[in-house]
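Enquirer: Mind looking at a prediction? Sequence and model below.
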Amino acid sequence: MAARLSLFSLRSGEALAERVARNLGIRPGAHEERDFEWGQHKTRPLESVRGSDVYVVQSLHGEAALSVNDKLCRLLFFLGALRDAGADRVTAVVPFLCYARKEQRTKPRDPVITRYVASIFEAVGVECVVTVEVHNVAAFQNAFRCRTEHLDAGRVFAEYFATQLADQRLAVVSPDFGGIKRAERFRDVLSRRMGREIPGGFIQKRRSEGVVSGDAVVGDVEGRTILLIDDMISGGTTIARAATACRRAGALKVVAAAAHGAFVPEAASTLAAAPIDRIAVLDHIPPAALPAALVSEKLWLLDSAALLAEAIRRLHEGGSLTDLLEG
């Protein structure tokens, strides 16, 4: 008999987990979170998970009430508690994986925090970690010794843009050289979805004494609607600089797209002033740092729950995630 599918989240991730659960046709499991003195806490499931195939959905972004470290610690303790409670398999579904950009040493004696985080997940008995659109897929896969699954958000954006921008001349552009592979993967998915070849390009950045500059556009953008593709938008300076470069090169419109809208308060003024018509991000990170007016005017929040739910369904049933992502 196949193990029973169970899905949990912590309080800060309940809204996302409920949407994922609806897509799966189940309800999230009940759990308890208690806070103690000096910031200590405990978490535990309130129902049996013995012999179950358990998935915990929790995005590890910071917010006003909980820091990244608070969320990470609470999640790890809960994963360990599920394992100790007899779960047959425990999978961490972490759409936004904290510290994923600190995957290598950039200065002498730098910590490689991605690898340290991976070790802690493994230490509490996690057998699989699922994430969405990490900065460096190879570094993510190599940091973990347990199973990893990386979900590319390209199909979600391609389905949306194929409808919203169907009648426009498009080009897919990476805001920097390092993101070319990501933009090329998306360009291929979008071209197949729209049944026509979409050209690509990138912005040539220069770094000197810690100052980033650059406005050279490589590729055909004149007279087109540009899709700027990145993994994350935080302060917004990179995407704003790229949008300005595309406009100067003759782009008619600029639409930015990133899986993670991990906006900081400073992003509000940067994005409001940037020559960007719309910004599409997945909804697993609420844009709480941005004013409501800016969210209404510029943001497209795309559903992430369907992608996460289908990935969970296929992992539980032994289906193919390659078919899901490449279709």
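Expert: Done, it's in.
Enquirer: Report the contact partners of residue 123.
Expert: By CB atoms under 8 Å, 6 or more residues apart in numbering, residue 123 lies in contact with nothing. Every residue, glycine included, has its C-beta placed from N, CA and C.
Enquirer: Tell me where the stretch 1-150 of the chain has helices.
Expert: 14-24, 68-84, 113-123, 137-143 (DSSP state H, counting those that start in this stretch).
Enquirer: What residues sit buried inside the second one?
Expert: Okay, so that is helix 68-84. Judged by neighbour count (16 or more other CB atoms under 10 Å), helix 68-84 contains these buried residues: 70-83.
Enquirer: Just the closest of those residues to residue 222, please.
Expert: Taking CB to CB as the measure, residue 71 is the one of these closest to residue 222, at 44.3 Å.
Enquirer: just to revisit the earlier point, how about the helices of the stretch 1-150 of the chain, which one is nearest residue 31?
Expert: Residue 31 sits nearest to helix 68-84 of all the helices of the stretch 1-150 of the chain, at 7.2 Å, using CB to CB.
Enquirer: what's the closest one packed up against?
Expert: strand 41-45, strand 53-57, strand 89-94, helix 113-123 (3 or more CB pairs under 8 Å, 6 or more residues apart in numbering; DSSP states H and E).
Enquirer: any chance of the ones you listed in TSV, with distance to residue 246 and mean pLDDT too?
Expert: Putting these into TSV (distance: least, CB to CB, whole Å; pLDDT from 0 to 100) gives the following:
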stretch	distance to residue 246	mean pLDDT
strand 41-45	46	94
strand 53-57	36	98
strand 89-94	32	98
helix 113-123	31	95
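Enquirer: Highest mean neighbour count out of these?
Expert: Across the helices and strands packed on helix 68-84, averaging neighbours per residue (mean count of other CB atoms under 10 Å) puts strand 53-57 on top, at a mean of 26.
Enquirer: Could you check the angle it makes with helix 14-24?
Expert: With axes from the mean of the first three to the mean of the last three CA atoms, to 10 degrees as the basis, strand 53-57 and helix 14-24 are set at 140 degrees to each other.
Enquirer: Please name every helix or strand in contact with strand 53-57.
Expert: Looks like strand 53-57 contacts strand 5-8, helix 14-24, helix 68-84, strand 89-94, helix 305-317 (3+ CB pairs under 8 Å, 6+ apart).
Enquirer: between the ones you listed, which gets nearest to residue 41?
Expert: The closest of those to residue 41 is helix 68-84. By CB to CB, the value is 6.3 Å.
Enquirer: Can you list the neighbours in contact with the closest one?
Expert: 8, 10, 12, 31, 33, 41-45, 49, 54, 56, 58, 60-62, 66, 90, 92, 94, 98-99, 117, 120-121, 124-126.
Enquirer: Show me the shaky parts of this structure.
Expert: Where the chain drops to pLDDT under 70, the residues are 1, 205-214, 326-327.
Enquirer: any idea how it splits into domains?
Expert: 5-152+305-326, 154-302 (automatic domain parsing).
Enquirer: Would you mind measuring the gap between the ends of the shortest one?
Expert: With CA to CA, to the nearest Å as the measure, the first residue of domain 154-302 is 12 Å from its last.
Enquirer: wait, doesn't residue 312 sit right on residue 93?
Expert: Yes - with contact defined as CB atoms under 8 Å, residue 312 counts as touching residue 93 (6.5 Å).
Enquirer: any residues in contact with both of those two?
Expert: Counting by CB under 8 Å, 6+ apart, the residues touching both residue 312 and residue 93 are 20, 55, 130.
Enquirer: and the second one, what are its bridge partners?
Expert: Partner residues in beta bridges with residue 55: residue 7, residue 91, with DSSP bridges as the criterion.
Enquirer: residues contacting it?
Expert: With CB under 8 Å, 6+ apart, residue 55 has these contacts: 5-8, 91, 93, 312, 315-316.
Enquirer: Using TSV, please lay out the residues you listed together with distance to residue 249.
Expert: What follows is the contacts of residue 55, written out as TSV (distance: CB to CB, whole Å):
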residue	distance to residue 249
5	50
6	52
7	46
8	48
91	44
93	40
312	42
315	43
316	47
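Enquirer: Could you identify the buried members of those?
Expert: Applying 16+ other CB under 10 Å to those flags 5-8, 91, 93, 312, 315-316 as buried.
Enquirer: What's opposite the spatially closest residue to residue 137 that is not a sequence neighbour in the beta bridge?
Expert: In this structure, residue 137 finds its nearest non-sequential neighbour in residue 150, 5.3 Å apart by CB to CB, 6 or more residues apart in numbering. Taking DSSP bridges, one obtains residue 131 as the residues bridged to residue 150.
Enquirer: What is the burial count for residue 150?
Expert: 17 (other CB atoms under 10 Å).
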